[in-house]
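Participant: Here is my input, please return the structure:
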Amino acid sequence: MLKEAAFYLGFGSLLTHELDAMSNHEWRLLPVLRALPDETGMMVFVALHVPLFAVLLALVASSRPRMRRLSRLAVAGFLVLHAGLHVLFMGHQGYEFSSWLSETLIFGGALCGVVYLVLALREGRAPTF
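Facilitator: Below is the predicted model of the structure:
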């Protein structure tokens, strides 16, 4: 139960972070999107999240247990990687994620990812590649 709660809280933090990313102009940090006019970059950023979220939701809720397990491990790993990317971007002039809410979503999500990964590995359900 703790493992599932950690996953869903982490996943929820990631999705909510993307809402927060709008007010923090995250597209201005991304290599391809920052080259676009601001309004265009914002629209592309939002539009790309529709298929991204659809695919992620389908994968983590897959009826195939192996696909669901691997997808959740990948999302949990991304939560940790994502926090690391934010640490790297903190020195960037356009970085705006400095509120307690932004940092809680980013680093709280990473903590949930770590908890999920540790509990999943303890269960011996780590993927075998």
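
Participant: quick one: low-confidence ranges for this structure?
Facilitator: Within the chain, the ranges that satisfy pLDDT under 70 run 125-129.

Participant: looking at it, residue 3 is touching residue 114, isn't it?
Facilitator: No. Residue 3 is beyond contact range of residue 114, at 11.8 Å (criterion: C-beta atoms under 8 Å). Every residue, glycine included, has its C-beta placed from N, CA and C.

Participant: Return the backbone torsion pair for the residue of the chain positioned farthest from its centre.
Facilitator: Using C-alpha atoms, centre = their mean, the residue of the chain lying farthest from its centre is residue 37. It sits 25.0 Å away. Residue 37 adopts backbone torsions of phi -60, psi 150, taken as degrees, to the nearest 10.

Participant: How much space separates it from residue 11?
Facilitator: Going from residue 37 to residue 11 by C-beta to C-beta, to the nearest Å gives 32 Å.

Participant: cool, and residue 110?
Facilitator: Distance from residue 110 to residue 11, by C-beta to C-beta: 12 Å.

Participant: residues in contact with residue 81?
Facilitator: Residues near residue 81 by C-beta atoms under 8 Å, 6 or more residues apart in numbering: none.

Participant: What helix or strand is it located in?
Facilitator: helix 65-89 (DSSP states H and E).

Participant: number of nearby residues for residue 122?
Facilitator: When neighbours are counted by other C-beta atoms under 10 Å, residue 122 registers 10.

Participant: Could you check how far it is from residue 11?
Facilitator: 20 Å.

Participant: if I look at the residue positioned nearest the centre of the chain, how far off is residue 36?
Facilitator: What sits nearest the mean C-alpha location of the chain, by C-alpha atoms, centre = their mean, is residue 14, with 4.0 Å. Relative to residue 36, residue 14 is positioned 24 Å away (C-beta to C-beta).
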